[in-house]
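*Asks:* Pasting a predicted model and its sequence here:
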Amino acid sequence: MPVDPSDRAGDELLQRVVDELRHPVQLDDSVDAAALERIRRAGLPSHAPWRFRLLAGLAGAALAAGLLLAVLIRAPESQPGPRGSRAVRLKLVAPASSRVVVVGDFNNWDPAATPLRGREGVWTVELRLKPGRYHYTFLVDGRKWVRDPAEPPAPESDFGTPTSVLTVS
Amino acid sequence: MTLGYNELDLPVPGSRRQSQDQRGRGLSMMSDSDAVLVARTLDGDLDAYAKLMARYRDTFGAYALHMLGTREDAQEAMQDSFVRAYRALRGCRQPERFSAWLFRIVVNRCRTMQRRLKRNRRFAEPLPEGVPANGDAVASLEWREEIARALARLRPHYREAFLLRYVNGLEYEEMAGLTGANQAALRMRVKRASDQLRELLRDIHAG
């Protein structure tokens, strides 16, 4: 399959990489034999009697209830974050916006992970990050990418998206 | 998720083995669809499950090899995946799409193993025995090693996205269903992986 030019990755170099990675690979037949041996020892796919399944279901429900209770009891406590991490406050002034999120290396570029809290047009969020360099950008109202003007721009952009580099020391 | 493996521009899994089997066992092998083999497995026929494993071992094993970096780890991942898939086989609600179901297990297994592997532990596979070490072979091996090193330097979720998109040929919608990440994040990961690979391999490629 050719590298998708719409992702701006369609150059000769990446095509060579993809071609190499698509070469057939042959694993040892012993993989199957070892798996079969483990399967034979363990028996047929799980098909537990209904009484066992009922008991397992009840036990699972009790466990889930206990975990939920534990979470509710612990919820008011502050989250300390990863060991050795530092508090970092990000801010974006966007008065006409209804929703701002930040995506970056620290949250796997997941727009659902880190929404900012808005107050009178100033959007903020506090993160706890380990020392390192992080690329990130803001997504405003689900459609507009805005680089953080408080931090230096990344040397390259993602999909033409302006990106900043945050250094946590 | 619609992981239509045979609809993708990929070698048909197990095609080499099937042609060998057809010579030895007749054409009945061709009619053994995944759904038929799954049903037979659930009836206690382990030979049927062995055929399913043979059908997908190398194709999905290639993904595991590129994700984990060594043949040993890839084989362990595939063995674990086959055992887990067998144990959970009654939960495969669409046996005709067994390959997509199994691939999800492989991807998840690679993720789990990746977490306990150290980065940069990757080494390129040596040339198979009997391959003459002429200039082309050496150049090919070096190129393969450089790709392996470059892949190893990517963050695992960048590497995963790049492989799923370009090597396995999945659409972003399929990738989202498989990984649980949204499409915007996946596009970003693929782009970042592409940029980093380009940067890491530029000098070798130019030479």
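*Replies:* Looks like it arrived, so ask away.

*Asks:* when you scan the host helix or strand of B:Glu142, is anything in it near chain A?
*Replies:* Secondary structure from DSSP states H and E places B:Glu142 in helix B:135-153. Yes. Judged by C-beta under 8 Å from any C-beta of the partner chain, helix B:135-153 comes into contact with chain A at B:Trp143, B:Arg144, B:Ile147, B:Ala150. C-beta coordinates here come from the backbone N, C-alpha and C atoms, glycine included.

*Asks:* and what of stretch B:156-171?
*Replies:* Yes. Contact between stretch B:156-171 and chain A, assessed by C-beta under 8 Å from any C-beta, occurs at B:His157, B:Leu163, B:Arg165, B:Tyr166, B:Val167, B:Gly169.

*Asks:* what's the span of that stretch from first residue to last?
*Replies:* Using C-alpha to C-alpha, to the nearest Å, the end-to-end distance of stretch B:156-171 comes to 19 Å.

*Asks:* Now do that stretch, average pLDDT.
*Replies:* Average pLDDT, stretch B:156-171: 94.

*Asks:* Distance from the chain centre to it, please.
*Replies:* Averaging C-alpha positions (C-alpha atoms, centre = their mean, to the nearest Å) puts stretch B:156-171 10 Å from its chain's average.

*Asks:* Heading C-terminal from the least confident helix or strand in chain A by mean pLDDT, find the next helix or strand.
*Replies:* Here the helix or strand of chain A ranked lowest by mean pLDDT, DSSP states H and E is helix A:50-74, holding a mean of 46. Following helix A:50-74 in sequence order, the next helix or strand is strand A:86-93 (DSSP H and E).

*Asks:* Tell me the helix or strand right after the helix or strand where B:Ala48 lies.
*Replies:* Using DSSP H and E, B:Ala48 falls within helix B:46-68. Proceeding N to C from helix B:46-68, the next assigned helix or strand is helix B:71-87, under DSSP H and E.

*Asks:* That next one near chain A anywhere?
*Replies:* Yes. Helix B:71-87 comes into contact with chain A (C-beta under 8 Å from any C-beta), by way of B:Arg71, B:Ala74, B:Gln75, B:Met78, B:Gln79, B:Phe82, B:Val83, B:Tyr86, B:Arg87.

*Asks:* Distance of B:Tyr63 relative to A:Val17?
*Replies:* Between B:Tyr63 and A:Val17 the distance is 15 Å, computed by C-beta to C-beta, to the nearest Å.

*Asks:* out of the two, which sits in the busier spot?
*Replies:* A:Val17 (26 against 23; other C-beta atoms under 10 Å in any protein chain shown).

*Asks:* secondary structure element for the more buried one?
*Replies:* helix A:12-21.

*Asks:* that older thread, outside of whichever helix or strand comes after the helix holding B:Glu142 itself, list whatever touches it.
*Replies:* Moving toward the C-terminus from helix B:135-153, the first helix or strand encountered (DSSP H and E) is helix B:156-162. Applying C-beta atoms under 8 Å, 6 or more residues apart in numbering or on different chains, the contact partners of helix B:156-162 are A:108, B:66-67, B:107, B:110-111, B:114, B:151, B:154, B:175, B:179, B:181, B:186, B:189-190, B:192-194, B:196-197.

*Asks:* any residue of stretch A:18-25 up close to chain B?
*Replies:* Yes. Judged by C-beta under 8 Å from any C-beta, stretch A:18-25 comes into contact with chain B at A:Val18, A:Glu20, A:Leu21, A:Arg22, A:Pro24, A:Val25.

*Asks:* what do you get for stretch A:121-131?
*Replies:* No. Shown here: stretch A:121-131 not in contact with chain B (C-beta under 8 Å from any C-beta), separated by at least 14.0 Å.

*Asks:* ok, and for that stretch, which residues are buried?
*Replies:* A:Trp123, A:Val125, A:Leu127, A:Leu129 (16 or more other C-beta atoms under 10 Å in any protein chain shown).

*Asks:* can you tell me which of those residues lies nearest to chain B?
*Replies:* Nearest to chain B among the buried residues of stretch A:121-131, counting by C-beta to the nearest C-beta, is A:Leu129 at 15.1 Å.

*Asks:* Name the residues linked to that closest one by a beta bridge.
*Replies:* A:Arg86 (DSSP bridges).

*Asks:* looking at it, it is touching A:Arg89, isn't it?
*Replies:* No. Contact status for A:Leu129 versus A:Arg89: not in contact, 11.0 Å apart, counting by C-beta atoms under 8 Å.

*Asks:* so the nearest residue to A:Val88 once chain neighbours are set aside is in which element?
*Replies:* Spatial nearest neighbour of A:Val88, excluding adjacent residues (C-beta to C-beta, 6 or more residues apart in numbering or on different chains): A:Leu127 at 4.9 Å. Using DSSP H and E, A:Leu127 sits in strand A:122-129.
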